[in-house]
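Chemist: The following block contains a protein sequence and its predicted model.
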Amino acid sequence: EPEVTQTPSHQVTQMGQEVILRCVPISNHLYFYWYRQILGQKVEFLVSFYNNEISEKSEIFDDQFSVERPDGSNFTLKIRSTKLEDSAMYFCASRGPNEKLFFGSGTQLSVL
Amino acid sequence: DQQVKQNSPSLSVQEGRISILNCDYTNSMFDYFLWYKKYPAEGPTFLISISSIKDKNEDGRFTVFLNKSAKHLSLHIVPSQPGDSAVYFCAATDQTGANNLFFGTGTRLTVIP
């Protein structure tokens, strides 16, 4: 079965540093998403991306966050100046026409 | 604002018995519902879904029931197996725009051999 690939699986960074989380969605999918899950909490929507632009974003997705699809395969989430509360598991997802989201295995971000 | 709620954080069931996981939602615009299963250190994986035009959808051991008037859905697993032990997330969407999902907080199911 096709899968969404995320790298790295674990990222450790110092507070205030920039991080880029990378994702390779399923090749024929058109909608791309980032979600996150803070330890012990629910999975939260961050942003959706379609046709090379943001479709929707949550209130979590403030000015320190950005997304990009720099080429035909990668989809990245950048956090410009990380805060302690950004520590979470970040999931990339992509969707085809049948409404089912496929999730990657996640990147565990630890901000120290 | 928690639009999708799973009020039971955990559930333990004997192998072979039925597992029933519950989910409530508040947004009447939601018209498509999904259950995802998540193992530790892995992303959620799709399990089963239901459209609001149906009240039941079945796939093997898994059945999802939807009660629109009560804004309630449930996932039944029968018979439960030890490999079903995982966290189960209910999710909902309104099928407009980018169709981003709203997740519940999850229920940790433990199937006891």
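Modeler: Thanks, I have the structure now.
Chemist: What ranges in chain B fall below the confidence cut-off?
Modeler: Scanning chain B for pLDDT under 70 picks out B:1, B:95-99.
Chemist: Around chain A, pick out the residues from it.
Modeler: B:2, B:32, B:34, B:36, B:41-46, B:49, B:89, B:93, B:95, B:97-106 (C-beta under 8 Å from any C-beta of the partner chain). C-betas here are computed from N, CA, C, even on glycine.
Chemist: excluding its backbone neighbours, what's nearest residue A:4?
Modeler: Of all residues not flanking residue A:4 in the chain, residue A:104 sits nearest, at 3.9 Å (C-beta to C-beta, 6 or more residues apart in numbering or on different chains).
Chemist: Next one: the one you found from residue A:5, what distance?
Modeler: 6 Å (C-beta to C-beta, to the nearest Å).
Chemist: neighbour count winner among those two?
Modeler: Set residue A:104 next to residue A:5 and count neighbours by other C-beta atoms under 10 Å in any protein chain shown: residue A:104 wins out with 28 against 15.
Chemist: Show me the strands in chain A, by range?
Modeler: Remark: strands assigned in chain A by DSSP state E are A:5-7, A:10-13, A:19-24, A:31-37, A:43-50, A:53-57, A:65-68, A:75-79, A:88-95, A:101-103, A:107-111.
Chemist: wait, I meant chain B
Modeler: B:4-5, B:10-14, B:19-25, B:32-38, B:45-51, B:56-59, B:62-67, B:72-77, B:86-93, B:102-103, B:107-112.
Chemist: Quick one: closest of these to residue A:11.
Modeler: strand B:32-38 (20.0 Å; C-beta to C-beta).
Chemist: what's in contact with the closest one?
Modeler: A:99-101, A:103, B:21, B:23, B:25, B:44-52, B:62, B:64, B:66, B:73, B:75, B:86-95, B:99, B:101, B:103, B:106 (C-beta atoms under 8 Å, 6 or more residues apart in numbering or on different chains).
Chemist: And the residue nearest the centre of chain A?
Modeler: residue A:34 (3.4 Å; C-alpha atoms, centre = their mean).
Chemist: how much space between that one and residue B:78?
Modeler: According to C-beta to C-beta, residue A:34 and residue B:78 sit 35 Å apart.
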